[in-house]
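Engineer: Provide a 3D model corresponding to the input given below.
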Amino acid sequence: MKMENNKNFNAVCFGEVLWDVFPSHKKIGGAPLNVALRMKALGVESTIISRVGLDEDGDEILSYINNQNVSSDSIQVGEDYKTGVVNVMINEKGNASYDILYPSSWDKIVLTNEMIEKVSASDVFIFGSLICRDEISRSTLYSLLDKAKYKVFDANLRAPYYTTEVLLELMSKADFIKLNDEELWEISRKLESPYNSFEQNIKFIAEKTNTKQVCVTKGAFGAVLYVNDKFYYNSGYFIKVVDTVGAGDSFLATLTARLLKGKSPQKSLNYACAIGALVAGREGANPKISDVEIRKYMMIEEKDKSKK
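Structural biologist: Numbering: from 1, shown residues only. Okay, here's the model as predicted:
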């Protein structure tokens, strides 16, 4: 990743936009959209490539994205399939499980020249695995990956919508891989890693996929970042969890934005972990969080740690 402080960066996120339907309410979401919204809030110009249905749910999503000053020009509208809906259940610990309806409109993203131009001109292209469950969107993604300068893969595994073959292909095309701890173990097993330790498996995946940058989140216990043969650690920030929806997306958006802007790996990781914690402490995937609030939260935590 070329890192410059004085450049205006732009990101393209590719994948699902949808409604997260909770037992008592519904909210607009989808990991790529969550990432795009957080990156925009951090000063990175963001575009989302997706598809919605010709329906009220789709109209509301487009209106919402435009109101957040994220470009929706690359969101296709089609009448063949409905706008995506995911039924979300939150357990007593605030962790989410998902029932993702198939097929949805975002499964059918069709390649256009305008998409190719936007991705070619972007500084970073962010994508996940769920969008590959349907051949049409998967084919579009593969074509765009060939045009992207810098590719960030957010695994975001959702059973049963992935195969080892597709995961290996996506990771091999990526310049940066982001996993959570469960995904690290699962993918390591699928790739027949001989190792049992966290660090050895991160190195194993980096070598197997020829990727120099890998990040693994550990929920409440922070994250590990592996950049150019060196490990960086953050042990997490205390927060009373409300729901974890979108916390990983905000973490990735923040880490990517900070690294793009030339911040050190350690400082980028610390800031990203703080934002991930603050998002988990609030309802919904995209709460507004100011820089002042983040810095105050991090300073309070650091002061508390220094007393020990």
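
Engineer: residue closest to the middle of the protein?
Structural biologist: residue 249 (4.0 Å; C-alpha atoms, centre = their mean).

Engineer: wait, what's in contact with residue 24?
Structural biologist: The contact partners of residue 24, by C-beta atoms under 8 Å, 6 or more residues apart in numbering, come to none. (Glycine included, C-beta is placed from N, CA and C.)

Engineer: Point me to the helix or strand that includes the residue nearest to the centre of the chain.
Structural biologist: Residue 249 is part of helix 247-260 when elements are defined by DSSP states H and E.

Engineer: and the residue lying closest to residue 58 once chain neighbours are set aside, bridged to which residues?
Structural biologist: Once flanking residues are discounted, residue 58 sits nearest to residue 52: 3.3 Å by C-beta to C-beta, 6 or more residues apart in numbering. According to DSSP bridges, the residues that bridge with residue 52 are residue 77.

Engineer: isn't the residue nearest to the centre of the chain right up against residue 31?
Structural biologist: Yes - counting by C-beta atoms under 8 Å, residue 249 touches residue 31, with 5.1 Å between them.

Engineer: For the two, list the residues in contact with both.
Structural biologist: Residues touching both residue 249 and residue 31 by C-beta under 8 Å, 6+ apart: residue 154.

Engineer: can you give me the helices in the chain?
Structural biologist: Using DSSP state H, the helices of the chain run over 31-41, 56-67, 113-121, 135-145, 164-173, 181-190, 198-209, 247-260, 265-280, 291-307.

Engineer: Need those helices in TSV (columns: distance to residue 218 and mean pLDDT).
Structural biologist: Shown next, in TSV, are the helices of the chain (distance: least, C-beta to C-beta, whole Å; pLDDT from 0 to 100):
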stretch	distance to residue 218	mean pLDDT
helix 31-41	18	96
helix 56-67	31	96
helix 113-121	31	98
helix 135-145	28	98
helix 164-173	19	97
helix 181-190	5	97
helix 198-209	9	98
helix 247-260	11	96
helix 265-280	9	96
helix 291-307	16	70
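
Engineer: As CSV, those with distance to residue 238 would be great.
Structural biologist: As requested, these are exported to CSV (distance: least, C-beta to C-beta, whole Å):
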stretch, distance to residue 238
helix 31-41, 21
helix 56-67, 32
helix 113-121, 39
helix 135-145, 38
helix 164-173, 32
helix 181-190, 19
helix 198-209, 22
helix 247-260, 14
helix 265-280, 8
helix 291-307, 7
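
Engineer: can you tell which of the ones you listed is closest to residue 229?
Structural biologist: helix 198-209 (8.5 Å; C-beta to C-beta).

Engineer: what's the angle from that closest one to helix 164-173?
Structural biologist: Interaxial angle of helix 198-209 relative to helix 164-173 (axes from the mean of the first three to the mean of the last three C-alpha atoms, to 10 degrees): 90 degrees.

Engineer: any idea how far residue 51 is from residue 254?
Structural biologist: Applying C-beta to C-beta, to the nearest Å, the value for residue 254 to residue 51 is 27 Å.

Engineer: cool, and residue 122?
Structural biologist: Using C-beta to C-beta, we find residue 122 at a distance of 19 Å from residue 51.

Engineer: Among these two, which residue is more densely surrounded?
Structural biologist: A side-by-side neighbour count of residue 122 and residue 51, using other C-beta atoms under 10 Å, places residue 51 first with 26 against 22.

Engineer: Verify the contact between the more buried one and residue 103 for me.
Structural biologist: No - if you go by C-beta under 8 Å, residue 51 and residue 103 don't touch, sitting 10.9 Å apart.

Engineer: so where's the stretch 1-150 of the chain uncertain?
Structural biologist: For the stretch 1-150 of the chain, applying pLDDT under 70 flags the ranges 1-6.
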